[in-house]
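**Q** sequence and computational prediction follow.
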Amino acid sequence: RPHRSLSFDLIVLFPRDICPILKDPAALTAVIDLFEDHVRKNHQQLDLIVGLDARGFLFGPLLAQRLGLGFVLVRKKGKLPGTTVSVAYDLEYGKAEVEIQEDAVAPGQKVLLIDDLLATGGTLHAACELMEKLQAQIAGCLVVIELQELKGADKLKPHRVFSLLRY
Ligand SMILES: O=P(O)(O)OC[C@H]1O[C@H](OP(=O)(O)OP(=O)(O)O)[C@H](O)[C@@H]1O
Ligand SMILES: Nc1ncnc2[nH]cnc12
């Protein structure tokens, strides 16, 4: 049979889905409570929460609002108006590109990145490269779900990853 990656096999055999969390208001509140608690204990003087397209947008603004911080979007290529900065990265099959508005984060601002799920780490790694292009300070990455077998947290080093559910 054709080669399939570990990530592909995991999606097919063990799909991890955040939809049940979103459907249950108590679960969603618990997720944001846990993130808020972690950030208040471990991160001081943050400037912005940066969320990843598309499912990072479901959690990021809720957390940002709790913390009294602004929220910034990292989008897939071609979606943002104005002047953008982009980073291309490899997927298991093909390539992708993420973008941010060039003035979304000012040099020196301290940001925390958020997404729903960490698999290989390619997406968050590319988003970290975007932050570096804008000379932001990366405080760390937050995800609801981490697929530990795929070692995404290693790929993101030296940046730290905080996850709520690990498989
Ligand atoms: O760690 P990685 O191997 O990069 O994979 C994780 C990324 O993959 C999924 O997004 P997807 O690309 O399916 O896009 P979507 O959120 O727009 O559905 C997930 O929401 C993460 O963003
Ligand atoms: N097992 C999995 N479930 C959901 N999304 C994924 N992305 C990569 N692996 C995944």
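**A** That came in fine, so what should we check first? Ligands and ions are numbered 1, 2, ... in the order given.

**Q** hey, where'd the helices end up in the chain?
**A** Secondary structure of the chain (DSSP state H): helices at 6-13, 19-23, 25-42, 56-67, 122-133, 152-156.

**Q** quick one: buried residues of the first one?
**A** Right, the one you point to is helix 6-13. By neighbour count with 16 or more other CB atoms under 10 Å, helix 6-13 contains the buried residues 7, 10. Where C-beta positions appear, they are placed from N, C-alpha and C, glycine not excepted.

**Q** dump that helix to PDB, keeping only the CA atoms.
**A** The C-alpha coordinates for helix 6-13 follow below in PDB (Å, rounded to 0.1, in the frame of the first residue of the first chain):
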ATOM      1  CA  LEU A   6       2.000   8.500  11.400                       C
ATOM      2  CA  SER A   7       0.000  11.700  11.500                       C
ATOM      3  CA  PHE A   8      -2.300  10.400   8.800                       C
ATOM      4  CA  ASP A   9      -2.700   7.100  10.600                       C
ATOM      5  CA  LEU A  10      -3.600   8.900  13.800                       C
ATOM      6  CA  ILE A  11      -6.200  11.100  12.200                       C
ATOM      7  CA  VAL A  12      -7.900   8.000  10.700                       C
ATOM      8  CA  LEU A  13      -7.600   5.600  13.600                       C
END
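
**Q** and ligand 1, which of the helices of the chain is closest to it?
**A** helix 122-133 (3.3 Å; CB to the nearest ligand atom).

**Q** ok, and does that closest one reach over to ligand 1?
**A** Yes: residues of helix 122-133 contacting ligand 1 under CB under 6 Å from any ligand atom: 122, 123.

**Q** quick one: that helix to helix 56-67, angle?
**A** Interaxial angle, helix 122-133 versus helix 56-67 (axes from the mean of the first three to the mean of the last three CA atoms, to 10 degrees): 50 degrees.

**Q** if we can go back for a sec, which one of the helices of the chain has the lowest average pLDDT?
**A** Lowest mean pLDDT of the helices of the chain: helix 6-13, a mean of 89.

**Q** list the contacts of residue 120.
**A** Taking CB atoms under 8 Å, 6 or more residues apart in numbering, we find residue 120 in contact with 7, 92, 150, 151, 152, 155.

**Q** perfect, I'm done here.
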